[in-house]
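Could you look at this predicted model? Sequence included:
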Amino acid sequence: MHKTRPRHMAFALSLAMTFWVGSAAAGDVVVSAASSLTNAFQNVATAYEAKHPGTKVVLNFAASDVLLQQIANGAPADVFASADQTAMDEAQTQGVLLKGSRKNFATNQLVLIVPMASHLNITSLKDLDQPAIKRIAYGDPASVPVGRYTKAALEADGSWPAVSAKAVLAQNVRQSLDYVARDEVDAGFVFATDAAIMPDKVRITLRVSSPTPISYPIAVVSLAKHVDDARAFEDFVLSPEGQQLLAKSGFLKP
């Protein structure tokens, strides 16, 4: 099993924090959002800026747990959008959320993808035990929401021991997608919205039932420097226009 070394994660976290401290100007609204929201939130931010001239949205994408670590360690952030409730629950426990600002804004689906040229016949999770499948990518369950959803689904199916023995752990869902797109693994677990951005390189072979609903929460950070703007951005995400933009990227209603 391929595992990320803790010191490498700490170094990456330090670099990320340094980057965002240096790149966000005093008047910018900093939105820390889960990697799976990359394309959708880029569109949302563009539309928001068009409605709020003079306001710039700085987007910071990473695995939800990494974003929480950044925020807890003092990295600038006004808004936190997570890919699961677990990371947001922890944020609430650590007291980094503005009271009463937490809301659910989207849902998603877990899917199994394979490289476009793959000839593997996979009709159920049990098929992942076949000898022809040697490497399966998914987010690290210890730090990545898609990994937690994947583990829960495989445990419910009874396939976790077989699949975890073939694991190639990813630091976020987009890395899992890239592994499959580059044909470096035989299959991988991602969200449906991620698979949709590379229709020419990957194909969905299974839509996986998740024991826990794949729900995305958003909240204003308690130490936000731009609370009014942060609330306005959150409201825009939840507005009909914001929801329409999310739907275009494949997200489902909360």
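Received it, and whenever you're ready, just let me know what you need.

Return the helix or strand in the protein with minimum mean pLDDT.
Counting by mean pLDDT, DSSP states H and E, the weakest-scoring helix or strand in the chain turns out to be helix 6-23, with a mean of 44.

Quick one: the helices in the stretch 1-150 of the chain, in order.
Assigned by DSSP state H, counting those that start in this stretch, the helices in the stretch 1-150 of the chain fall at 6-23, 38-51, 64-72, 85-93, 145-157.

so which of these gets nearest Val221?
Closest of the helices of the stretch 1-150 of the chain to Val221 is helix 64-72, at 6.0 Å (criterion: CB to CB). Where C-beta positions appear, they are placed from N, C-alpha and C, glycine not excepted.

Mean confidence (pLDDT) on the closest one, please.
Averaging pLDDT along helix 64-72 gives 96.

Show me which parts of it are buried, residue by residue.
64-71 (16 or more other CB atoms under 10 Å).

any idea which of those residues is closest to Leu223?
For those, the residue nearest Leu223 by CB to CB is Ile71; the value is 8.2 Å.

Phi, psi for the closest residue to the closest one other than its chain neighbours please.
The shortest distance from Ile71 to any residue other than its chain neighbours is 4.8 Å, reached at Ala77 (CB to CB, 6 or more residues apart in numbering). Main-chain torsions, Ala77, degrees, to the nearest 10: phi -160, psi 140.

What are the boundaries of the strands in this protein?
All strands of the chain, identified by DSSP state E, fall at 29-34, 57-62, 79-81, 103-107, 110-115, 136-139, 167-170, 187-191, 202-208, 215-220.

Throw the ones you listed into CSV and include mean neighbour count and distance to Asp229, thanks.
Below are the strands of the chain laid out as CSV (neighbours: other CB atoms under 10 Å; distance: least, CB to CB, whole Å):
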stretch, mean neighbour count, distance to Asp229
strand 29-34, 27, 5
strand 57-62, 20, 9
strand 79-81, 30, 9
strand 103-107, 18, 16
strand 110-115, 22, 33
strand 136-139, 28, 31
strand 167-170, 22, 33
strand 187-191, 30, 28
strand 202-208, 18, 37
strand 215-220, 24, 10
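
gap between Lys126 and Gly188?
Applying CB to CB, to the nearest Å, the value for Lys126 to Gly188 is 17 Å.

How about Glu241?
33 Å.

One more: Thr107?
On the measure of CB to CB, Thr107 and Gly188 end up 21 Å apart.

what's the answer for Gln175, then?
For Gln175 relative to Gly188 (CB to CB), the value is 9 Å.

residues shared between the contacts of the two?
Listed as contacting both Gln175 and Gly188 by CB atoms under 8 Å, 6 or more residues apart in numbering are Ala137.

in this structure, what spans have low per-residue confidence?
Scanning the chain for pLDDT under 70 picks out the ranges 1-27.

hmm, 90 instead?
Along the chain, the model assigns pLDDT under 90 to residues 1-27, 54.

what's the closest of the strands of the chain to Phe251?
Per CB to CB, nearest to Phe251 of these: strand 103-107, 4.1 Å.

doesn't Ile218 make contact with Lys103?
Yes: assessed by CB atoms under 8 Å, Lys103 is found in contact with Ile218 at 5.9 Å.
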